[in-house]
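1. Give me a 3D structure for the following:
(one chain, ligands or ions: 1)
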Amino acid sequence: MSAKHIYEAMLTGPQNMPTFPDSTMPLQQKQDIIAYVEHTTNQAKNPNYGGLTLGSLGPVTEGLFGWIFALGALIGIAIWIAARTPKAKKS
Ligand code: HEM
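-> I've put the predicted structure just below:
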């Protein structure tokens, strides 16, 4: 996302977004917001030190990962244990 793109959105207010003309938000403040957004999203200035990013999509992929792998592993262990009970071995 470029500075121009962010500035344009603040002036035009896409869809339900309010507009931020210079009378309500001075140019300096808009520049500060753009600088902040650019800083926080710049990988070089703000590298990601975390572990697996899982596509950086947030809770959606994290939840999916949790359900598939964590729950999958737990179900697998439960099946493995259940198959080794005396009751399961008899039949
Ligand atoms: C001043 C701070 C803000 C900045 C820098 C900003 C920036 C942006 C940008 C870059 C877009 C994408 C425009 C595009 O698709 O080309 C956007 C869309 C949008 N913004 Fe904001 N925004 C701000 C404040 C707000 C506020 C306060 C609201 C609502 C109360 C809002 C609601 C929306 C909505 C509804 C969209 C359209 C979403 C869509 O396309 O699906 N924004 N904004």
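2. can you pull the buried residues of the longest helix along the chain?
-> Longest helix in the chain, counting residues (DSSP state H): helix 27-41. By 16 or more other Cβ atoms under 10 Å, the buried positions in helix 27-41 come out as 30, 34. Yep, even glycine has a C-beta here, placed from its N, CA and C like the rest.
3. Residue 65 versus the residue most central in space within the chain, what's the distance?
-> Centroid-nearest residue in the chain: residue 58, 2.4 Å away (criterion: Cα atoms, centre = their mean). With the distance defined as Cβ to Cβ, to the nearest Å, residue 58 ends up 11 Å from residue 65.
4. Can you tell me what sits against the helix or strand bottoming out on mean pLDDT in the chain?
-> Ranking every helix and strand in the chain by mean pLDDT, DSSP states H and E puts helix 86-90 at the bottom, with a mean of 80. Applying Cβ atoms under 8 Å, 6 or more residues apart in numbering, the external contacts of helix 86-90 come out as residue 82.
5. just how off-centre is the longest helix of the chain within its chain?
-> Mean-position distance between helix 27-41 and its chain equals 20 Å (Cα atoms, centre = their mean, to the nearest Å).
6. can you tell if it touches the ligand?
-> Yes - using Cβ under 6 Å from any ligand atom, we find that helix 27-41 touches the ligand at residue 33.
7. Give me the mean pLDDT for that helix.
-> Within the predicted structure, the mean pLDDT of helix 27-41 is 93.
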